[in-house]
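Novice: compute the structure for the input listed below.
(chains A and B)
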Amino acid sequence: MIVTDHDEPRAAGRIPEGLPADASLRRVLLACNEELLMLIVPLPDGNDGESAPNPVRITETVTAWAAEVDRQDSTSLPVITVPLYGCHVVWKPGQAAVVGPVSRLELLTTALSNFASCEGELRQLEQRCVDLVATVEEDAPHAFEFEGRAVSRRGTLAGRFREAVAVRGRLAVLAPAAHAPPVHPPTLASQLGERLRDRTRLAERHEFAVDRAELAERLYEACGQRISEFGIAQRQMALEWAIVVLLVIQTALLVVDLLSRGVTT
Amino acid sequence: MSHAAAPRQASIDVLRTLAIVLMVVVHFVENLSGWYDGGSGPFEGVHRVWWLPTGFGAPIFAILSGMSYRLWLGVQTQRGLSDEMISKRTARRGLFLIGLGFAFNVLVWLPEDIFNWDILTLIGVGLLVLDVARRMPDWVVGMAAVLIIFVSPAMRVGVDYTAYWQAGYFDYDFTLTDVLLGWLVVGYFPIFPWLAFPLLGHALAAWLFHGTRSGRLRHIAASGVAGIATALVMTATWDALPAVLTGEGGRGWTMFPASTAYCLGTAGTVTLMVAILHQLLDGRRDDWGWLLDWATPLSRHALSMYLLHHVVHVWPLWVWGAVATGETTALWQVAMPPVASLVLAAGFLIGAIFFFHYVDRRRIPSTESLMRWLCD
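Specialist: Sure, this is the predicted structure:
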C-alpha cells in the first residue's frame, strides 16, 4: 500500500539544524498517489540527564520546519501538532514530523501514513466535488428540460455523471476510515489516528463531500434521464416525420393521378 | 442584440459563381441562338456532349439554396431569434421569391408564360417546404429528397408528360389542371423532382457544417461518387429499366424532364464538388483572395444576376423582333450564331463583376437587399 523511499531528501526538505544527528527524512508514497515528506527524530528511550535533547526545542524546530518548507504548496489546513505520551507528531498535507522514542517511531509513522493517505484521498475528492458543484448551476436547466441545441453537451454531461458516481463511490469506500470509531482498548497508533482525524475534522469534511457529491449525482442523473427521454422522443419523432413524408408523397401521387384523370375525361 | 453577419463560406461562393456562369452562358446561347435539345438547334449530335455541363446550373442553384438556408438558420438561432420569427421570415422570403417569379415570368417571358414554373418559384416553394423540413431529422429530409426523385418518373407516366411539351418548351393551357400539373410535374422546374435539390442541400449543409464526426468529408465525397455511379449505371442500362424508373419524356440524361439519372448525377456531382471545395477553400479565404474577389460579388447578388441577365438579353430580343418583323418572339433562338451569343455572355459576365463590385462599394440597393428589407 505504501512505498517508502529513504535517503532522498528534497533540496527544500533538508533536515533542519539543531536536531539530533540520527534524525532522518523519509519520502512516503501514499495510496492516494501523494508524497508525504516525513521527518523522523528519534529520542533516547530513557532520561540521559542534561545531555539529552530538549523535546520542547525539537518540537518547535520541526513545527517551524513544517511551516516553512514548501510554503507555496501549503493548503488551507494549518500545521497540526499532536503531543502524545512523550511523543510529538507534526502534520500538514505533504509533510509530517515524528518526534519520539525509537521504540514507538514505527507505530507512529505507520499510523501517520495511514491517516495521511486517508486525508489525502479525501482532499482530492473534496476538490473533485468542488469542481462538480461549480458546474451545477450551469447544467441545472438540462435536468429540467433537454433541448436539441444542447445535444453537443451530451458527452460532457455524461462525463460529469460518471465523475459524480465515481466520487460517490470513492467517498463510500473512504467512509469507514473517516468515521472510524474509537478502538478499545486504545493504542498509541489508534489514539494518534483519532486525534489527527479530530483536528482535521475528517468526519465532517467527509459528510460535506458526500452531500456535494450527492447533489451532483442527483443533478446529472436527472440530466441523464432527460437526455434519454430526449433521445427516445427524437427517435419517435423521426419515425413520425418519416410517416408524414410518406403520406405527403402518397397524397401528391393521388392528386397528380386525379388531375391527370380529369384531363383524360 | 448583436447582428453580426454570417461568415461567408468560400466554397458556396465559388460554386454559386460557377452556377451563374453556366446559367448566363446557357440562357444567352439558347435564347439567342437555339435550343440544343429541340431537334433543330446548334447543340445536337456531336455538340451535345460538351453542352451537357450547362445542365448543372439549376441543380447547383437549387442545392445551394438549401445549403444557404441551413447556414442562415444557424445565424438566426445564434441571434436568439424565436422559432416563430424564423418561420415568419422564411415564409416571407419564400412568398417574396414566388411573387418575384410570377412577376419575372410576366415581364420577361410575357404574360402567357406566367405559369411556366421557373426556378424562382421552385426556390420560393422550396423555402416554404424547408421551414417544415428544418424540424425534421436530417436523415428524413434526405429520405424525402430521394423519394421525390424516385416517384417523379411514375408521375410523369401518369400525366402524359410529353403532351405538355411542344418543340422543346412547356406548352400549357390556362386551366387549373394544367397549372397545378405544371407546378407539380410537368413545368420547367416542377416540385417533382426538383424539390429534392433544396432538401438535399439542406441535409448536406447539416452534414458538412454542423457535423462533428471526423472523416465526414470522405463520407460526403463517397455519397457524391455513389450518386454519380448510380446515374451512369442508369444511363447505360436505360432501355432495360422499368418505366416506373425512367418515366416519360426523355431517354437517359435529360434535364427536361429531369430524369432520375440526371437528378442523381447532378446531385452527386454537386455533393462531390462541395466536399472538394470545402476542403480546398473554406477557412482559407486569404489563400484564394484573387478567386473570391471576383466570385463573391456575383455570388452575393445571384438573384439580381438571374433577373438582370434575362432582362439584358431577352428584352432587346423582343424589341428587336417586334421592330424587325412585327412579331415579338420572331427572333427567339434564331437571332445570331452561337459564337456571337457566347461572346455576348462572356462580355456580360465581365461587366457584371465590375457592376456588382460597384454596387457593393456604393451600397446601392439590389434585389437581395430589397428581399431582406421586406422579409427580415
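
Novice: what about the strands in the stretch 101-250 of chain B?
Specialist: Secondary structure of the stretch 101-250 of chain B by DSSP state E, counting those that start in this stretch: the strands cover B:165-166, B:169-170.

Novice: among those, which is the most enclosed?
Specialist: Among those, the stretch with the highest mean neighbour count (mean count of other CB atoms under 10 Å in any protein chain shown) is strand B:169-170, at a mean of 18. Any C-beta I mention is one placed from the backbone N, CA and C, and that applies to glycine too.

Novice: tell me the strands beside that one, with direction?
Specialist: Partners of strand B:169-170 in the sheet, by DSSP bridges, are strand B:165-166 (antiparallel).

Novice: rewinding a little: can I get the strands of the stretch 101-250 of chain B in CSV with mean pLDDT?
Specialist: Output for these, formatted as CSV (pLDDT from 0 to 100):
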stretch, mean pLDDT
strand B:165-166, 86
strand B:169-170, 85
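
Novice: adding distance to A:V244, write those out as TSV.
Specialist: Output for those, formatted as TSV (distance: least, CB to CB, whole Å):
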stretch	distance to A:V244
strand B:165-166	33
strand B:169-170	31
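
Novice: spit out the contact partners of the closest residue to B:W194 other than its chain neighbours.
Specialist: Nearest residue to B:W194, sequence neighbours excluded (CB to CB, 6 or more residues apart in numbering or on different chains): B:L122, at 5.2 Å. By CB atoms under 8 Å, 6 or more residues apart in numbering or on different chains, the contact set of B:L122 is B:A62, B:F189, B:P190, B:I191, B:W194, B:L195, B:P198.

Novice: next SSE downstream of the helix or strand B:L280 falls within?
Specialist: In this assignment (DSSP states H and E), B:L280 forms part of helix B:260-281. Under the assignment DSSP H and E, the closest C-terminal helix or strand after helix B:260-281 is helix B:289-300.

Novice: buried residues in that next one?
Specialist: Of the residues in helix B:289-300, B:L292, B:W294, B:A295, B:T296, B:P297, B:L298, B:S299, B:R300 count as buried by neighbour count, 16 or more other CB atoms under 10 Å in any protein chain shown.

Novice: include pLDDT and neighbour count when you put the contacts of B:L122 into JSON lines, please.
Specialist: Formatted as JSON lines, the contacts of B:L122 follow (pLDDT from 0 to 100; neighbours: other CB atoms under 10 Å in any protein chain shown):
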{"residue": "B:A62", "pLDDT": "96", "neighbour count": "26"}
{"residue": "B:F189", "pLDDT": "95", "neighbour count": "28"}
{"residue": "B:P190", "pLDDT": "96", "neighbour count": "25"}
{"residue": "B:I191", "pLDDT": "95", "neighbour count": "22"}
{"residue": "B:W194", "pLDDT": "96", "neighbour count": "25"}
{"residue": "B:L195", "pLDDT": "97", "neighbour count": "27"}
{"residue": "B:P198", "pLDDT": "97", "neighbour count": "29"}
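
Novice: save those residues as CSV, and put in distance to B:V24 too.
Specialist: Below are the contacts of B:L122 laid out as CSV (distance: CB to CB, whole Å):
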residue, distance to B:V24
B:A62, 17
B:F189, 18
B:P190, 24
B:I191, 26
B:W194, 20
B:L195, 25
B:P198, 22
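
Novice: report the two of those residues separated the most.
Specialist: The largest separation in those, counting by CB to CB, is between B:P190 and B:P198 at 13.4 Å.

Novice: and the strands of the stretch 101-250 of chain B: which comes nearest A:C87?
Specialist: Proximity to A:C87, assessed across the strands of the stretch 101-250 of chain B by CB to CB, is greatest for strand B:169-170 (104.2 Å).

Novice: next one: the closest one to chain centre, how far?
Specialist: Chain-centre distance of strand B:169-170: 17 Å, with CA atoms, centre = their mean, to the nearest Å.

Novice: most centrally placed residue in chain B?
Specialist: Nearest to the mean C-alpha position of chain B, by CA atoms, centre = their mean, lies B:A58 at 2.9 Å.

Novice: counting contacts, what elements does the helix or strand harbouring A:R162 pack onto?
Specialist: A:R162 is located in helix A:154-178, with elements delineated by DSSP H and E. Judged by 3 or more CB pairs under 8 Å, 6 or more residues apart in numbering or on different chains; DSSP states H and E, the packing partners of helix A:154-178 are helix A:102-134, helix A:136-144, helix A:202-264.

Novice: so which bits of it are buried?
Specialist: Of all the residues in helix A:154-178, those buried under the rule 16+ other CB under 10 Å are A:154, A:157, A:160-161, A:163-164, A:167-168, A:170-171, A:174, A:177-178.

Novice: can you tell me the SS state at A:V89?
Specialist: strand (DSSP: H, G, I helix; E, B strand; the rest coil).

Novice: likewise A:G100?
Specialist: Following three-state DSSP, the label given to A:G100 is strand.

Novice: correct me, but it touches A:H88?
Specialist: Yes: applying CB atoms under 8 Å, one finds A:G100 in contact with A:H88, separated by 6.8 Å.

Novice: if anything else comes up later, I'll come back, but that's it for now.
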